[in-house]
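K.L.:
I'd like to go over a predicted model; first the sequence, then the structure.
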Amino acid sequence: MILLDTHVVVWLAFDQAQLSSNAKAAINDARQHGDGLAISDITLLELAMLSNKGRIRLGISLESFLSEVEARFTILPISGRVCVRVLGFPGTYPKDPADRIIGATALVEGLPLLTADRQIRRSRAVHTIW
């Protein structure tokens, strides 16, 4: 199983050309030979906020879109362990709370994080795929 950053979910839904060839291969491998794809539950909130701001345009209701996302991915909760891990990131890790929750979820669950975010990847605080 691999954990997807929010922008990866957006690109899967709306613009798969944005995904690297390595990302596409990892997604296909996780779907065919692994336990599939996961997202942090905060990704649902980020998707709702992107829609509300007009940064993604949905052809269906927001609630229907989020229901489809919930059906396609394993949703991992923000647990107490995740909250504690959020506090332990180095200064090089992004300060954005959602980025920290997603990264901490990857660490707690022992999953690689599929992300194009350079700051996350450069921090080396989380095992990433891109």
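P.N.:
Cool, the structure landed. Residues are numbered from 1 along each chain as shown.

K.L.:
residue 65: neighbour count?
P.N.:
Applying other C-beta atoms under 10 Å, we find 18 other residues in the vicinity of residue 65. Quick note: C-beta positions are derived from backbone N, CA and C, even for glycine.

K.L.:
surely it meets residue 50?
P.N.:
No. At 10.5 Å, residue 65 and residue 50 do not qualify as touching, with contact defined as C-beta atoms under 8 Å.

K.L.:
the protein: helices as residue ranges?
P.N.:
All helices of the chain, identified by DSSP state H, fall at 6-14, 21-33, 41-52, 62-72, 80-86, 97-109, 118-123.

K.L.:
distance of residue 4 from residue 80?
P.N.:
Separation of residue 4 from residue 80 (C-beta to C-beta, to the nearest Å): 23 Å.

K.L.:
of these two, who's got more company?
P.N.:
Each of residue 4 and residue 80 has its neighbours counted (other C-beta under 10 Å); residue 4 has more, 27 against 8.

K.L.:
just give the nearest non-adjacent residue to residue 18, would you?
P.N.:
Of all residues not flanking residue 18 in the chain, residue 11 sits nearest, at 4.2 Å (C-beta to C-beta, 6 or more residues apart in numbering).

K.L.:
quick check: that neighbour touching residue 20?
P.N.:
No. Using C-beta under 8 Å, residue 11 is not in contact with residue 20, being 10.1 Å away.

K.L.:
those two: who's more crowded?
P.N.:
Taking neighbours as other C-beta under 10 Å, residue 11 and residue 20 compare with residue 11 leading, 17 against 12.

K.L.:
report pLDDT for that one.
P.N.:
pLDDT recorded at residue 11 is 98.

K.L.:
before we move on, what about residue 115?
P.N.:
98.

K.L.:
tell me, how many residues neighbour it?
P.N.:
That count, for residue 115 with other C-beta under 10 Å as the rule, works out to 24.

K.L.:
likewise for the one 5 residues further on?
P.N.:
Per other C-beta under 10 Å, the neighbour tally for residue 120 reads 25.
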